[in-house]
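# quick one, fold the following:
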Amino acid sequence: MAVYPKAQSDRQVASGDLLAVVTAIFAACQMDDADARLLAQTLVASDLRGVHSHGVLRVPDYVGKLTREGVDPKGKPTIVSQRGGAIVVDGGNSMGQIGGTFAMDRAIEAARETGIAYAALRGSNHCGALDWYTLRAAEAGMAGLAGTNALPTMAPLGGVDKIVGINPLSVALPGERHAPFVLDFAFGATAHGKIRVYHQKGAPIPEGWAFDTDGNPTTDAGKAMEGLIQPIGGHKGVALGMAIGMLSSLLSGAAYGTELGNMVDGPTAGRDGQFFVAIDIAAFVDPATFRQRVDAAIDQVHGSGRREGVDRLYVPGEIEAGFEAEFAREGIPLAAETINDILAAAEALSVDAGRLVGTGTA
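As a prediction, this is how the structure comes out:
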C-alpha cells in the first residue's frame, strides 16, 4: 500500500462525523437510507485503513455518478441464476458497493452448503476497495477472494495505448491471534486514485509508478494522470491484469477493457463487473487449526531476519489494521482539498455538514 505524504493542511476528522455527513450526501442523491449508509461505510472504512485512494476522496465522483452520469441510486441487485455455488448477480446499475456486498453475502451463504461459492456480478459500477468484501468473508470464518475490472490505464509492455485495467485482486484469510491476512492490490504499480492524492498534495509520485503519454517514466503527478500506469513485474503485471479483468467480466457478461469506457470520457454506467469467492474452511480442515496456521505463517515473517535499519517486517493487511486502530482513536487524516470537496458537495445538495466545518482550509 502507499503511505501518503503528509501536508501541513491535512486535518484530522472523527470517523463518526465523516460517516454521518457522507451518508447524508448519498441519501440526498436519492439512495435509500440503508444503501446510503452502506456506501458511506465502505469509503470511511478505506480511510480508516489508510487507503485514502478509495476513501471519501471519491465522494464528488460518486455524487456525479448518482446524479448525472447514469448510475441508478435506487438500483437493487438480484440473483440472475444459481447452480450450487455458481451464482450470477445483476447489480441493477447500483453502485458497485451495493451490488458487491450483496454478491459476497450470497457467496458466503452458498459456501456454507457447497464449500466454495463464486458470485459473478454484472450491471455494476465502481466498487471501491476490495478488502471490504474479502474481510466480510474472513469475519464469517471463511477465506475470501474478490476481483474487479477497471477502466484501462495500462498498455501492453512497450505500448502506449490504454487497453488494460490494473484490475485488482484481494485475498483475506482469518487468523486467531493476528488480524486477518489481507492482500488487496492491483497489477499496476499504483492506483489512479493514489496518483490523485499526490496531485492534491502537490507532491511528486514515487519512481516506477507511471509513464507519461509517450511511454516515458515520470514522477510528475499531473503527467501521470494523463499518461499510463506502469504494470508491476513488466509483462507479468499486464498478463495478471488481463486475467483478473476477464474473470471479473466474461463469466457474468459485464464489460471488459475498453468496452467499459476510458479515462477521458469515464465509464459507461452499469457495465462494470466483479467476482466474489467465499471458501468455507470447515469444508477442508478444522477452522481453528487453519487460523492457527495462518498465525504461524505471520509469526514466521515477524521472526525472520531483517536488513540493517529495518525495525519490523509486515504481512499484507497489518499496516492497514494498525492505521484502523490509530485513526479510530485519533481521527482520520485527510487532505484539506478532500474535506473541502465534501463540504462543496454537501452545500450543493443542501446537506448539513456542520460536523466537518472548520476541518478544511479557509
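
# could you chop this structure up by domain?
Listed domain ranges for the chain are 1-74+331-362, 76-188+231-320 (source: automatic domain parsing).

# between those, which one is closest to I195.
I195 sits nearest to domain 1-74+331-362 of all the domains of the chain, at 8.4 Å, using Cβ to Cβ. Just so you know, the C-beta spots here come from the backbone N, C-alpha and C atoms, and that holds for glycine as well.

# which parts of the protein are helices?
Ranges of helices in the chain, per DSSP state H, are 15-28, 33-48, 59-67, 96-114, 131-139, 192-201, 221-226, 235-249, 287-302, 318-330, 336-348.

# quick one: contacts of the shortest one?
Spelled out, that is helix 221-226. Residues outside helix 221-226 that contact it (Cβ atoms under 8 Å, 6 or more residues apart in numbering) are 192, 195-196, 198-199, 203-205, 209-213, 218.

# which of these sit farthest apart?
Among these, A203 and T213 lie farthest apart (Cβ to Cβ), at 20.8 Å.

# packing partners of the worst-scoring helix or strand of the chain on mean pLDDT?
Of all the helices and strands that make up the chain, helix 192-201 has the lowest average by mean pLDDT, DSSP states H and E, namely a mean of 84. For helix 192-201, the packing partners by 3 or more Cβ pairs under 8 Å, 6 or more residues apart in numbering; DSSP states H and E come out as helix 221-226.

# return the set of buried residues in the helix it packs on.
Across helix 221-226, burial judged by 16 or more other Cβ atoms under 10 Å covers 221, 223-225.

# before we move on, the earlier item: mean neighbour count for the domains of the chain - can I get that in CSV?
Converted to CSV, the domains of the chain look like this (neighbours: other Cβ atoms under 10 Å):
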stretch, mean neighbour count
domain 1-74+331-362, 19
domain 76-188+231-320, 20
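
# averaging pLDDT over each of those, which comes out lowest?
Of all those, domain 1-74+331-362 carries the lowest average pLDDT, namely a mean of 91.

# and A345, what does it touch?
25, 59-60, 63, 351.

# which one of the contacts of helix 221-226 sits closest to P267?
Within the set of those, H192 lies nearest P267; the separation is 12.2 Å, counting by Cβ to Cβ.

# these two touch, right, that closest one and G266?
No: contact criterion Cβ atoms under 8 Å: H192 and G266 do not qualify, at 12.0 Å.

# which residue of the chain lies farthest from its centroid?
Ranked by distance from the centre of the chain (Cα atoms, centre = their mean), the top residue is E308, with 33.6 Å.

# was I right about R291 contacting A179?
No: contact criterion Cβ under 8 Å: R291 and A179 do not qualify, at 11.5 Å.

# quick check: neighbours shared by those two?
Counting by Cβ under 8 Å, 6+ apart, nothing touches both R291 and A179.

# that older thread, looking at the helices of the chain, which is closest to R355?
R355 lies closest to helix 15-28 among these, at 3.9 Å (Cβ to Cβ).

# check which helices and strands the closest one sits against.
When contacts are defined as 3+ Cβ pairs under 8 Å, 6+ apart, helix 15-28 packs onto helix 33-48, helix 59-67, helix 336-348.

# by neighbours, which of the contacts of helix 221-226 wins?
A210 (28 neighbours; other Cβ atoms under 10 Å).

# what's the nearest residue to that one if we skip its chain neighbours?
A224 (3.5 Å; Cβ to Cβ, 6 or more residues apart in numbering).

# pLDDT wise, what is the one you found at?
94.

# roughly how far does A24 sit from L39?
12 Å (Cβ to Cβ, to the nearest Å).

# could you check how far the closest residue to G147 other than its chain neighbours is from G188?
Using Cβ to Cβ, 6+ apart and skipping residues adjacent in sequence, the residue nearest G147 is I244, 4.3 Å away. Distance, I244 to G188, using Cβ to Cβ: 11 Å.

# likewise T78?
32 Å.

# H302 too?
Per Cβ to Cβ, H302 is found 29 Å from G188.

# I'd say A86 and I116 touch.
No: the criterion here is Cβ under 8 Å, and A86 misses it with I116 at 9.7 Å.

# who are the contact partners of the closest residue to P231 other than its chain neighbours?
The spatial neighbour of P231 that comes closest, neighbours along the chain excluded (Cβ to Cβ, 6+ apart), is G237 at 3.0 Å. For G237, the contacting residues are 154, 187-189, 230-231, by Cβ under 8 Å, 6+ apart.
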